[in-house]
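Chemist: need a 3D model of the sequence below.
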Amino acid sequence: MRHGAPWSVVANEGESFYYHGKLVGRLHKGLFVKHVRESLHLFRKLNAWAIDKETWESVRGRVRAIAVVDSDTGRTYIVEPEVFERYATTIEYAADGAQRALPRSYWTVLKEEPRGNP
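Modeler: Numbering: from 1, shown residues only. Have a look, this model is predicted:
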C-alpha cells in the first residue's frame, strides 16, 4: 500500500459521521475509521465491509485510507480510497439505505489480536 502506515486506528478525535443517529465512523488526519462487529456488520453475500453511501460521498475526497476495526476478531482492515471507489459495489438495504460494499479480499489486514486465553 502506498500510504506507508503505521496508522493509529484509535481515532476518538476528528470529525464524526452519523447515519440515522448512529455513529458510522470518524475522519482524523486523513484516516476514516469505522468500528464494527463481524457477527453483525459483515455483508455476507459479498464477504464485504460496507460504508453507507452518504458517508462515503462526504469523506471520499478527504481520506488517504479507510480502516475497519473488527472487535469480534481483533483484526484491523485497511484499504486505499482509490481501491474502495473503484471496486466497491452499491447495494440497497431497506432499513439502512444505499451502502458501498467492498469484499474483504481487497482489504489488507494490519493487525490481528489474539483471542481467548493462551
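
Chemist: report how many residues lie close to residue 31.
Modeler: Neighbour count for residue 31, taken as other Cβ atoms under 10 Å: 21. From N, CA and C alone the C-beta is placed, and that goes for glycine too.

Chemist: just the helices from this protein, written as ranges.
Modeler: Applying DSSP state H to the chain gives helices spanning 38-41, 53-59, 81-87.

Chemist: list the contacts of the residue lying closest to residue 23 once chain neighbours are set aside.
Modeler: Of all residues not flanking residue 23 in the chain, residue 16 sits nearest, at 6.1 Å (Cβ to Cβ, 6 or more residues apart in numbering). When contacts are counted by Cβ atoms under 8 Å, 6 or more residues apart in numbering, residue 16 is found next to 23, 25, 26.

Chemist: also residue 24?
Modeler: 17, 18, 34, 51, 52, 55.

Chemist: out of those, which are buried?
Modeler: Buried subset of the contacts of residue 24 (neighbour count, 16 or more other Cβ atoms under 10 Å): 17, 34, 51, 52, 55.
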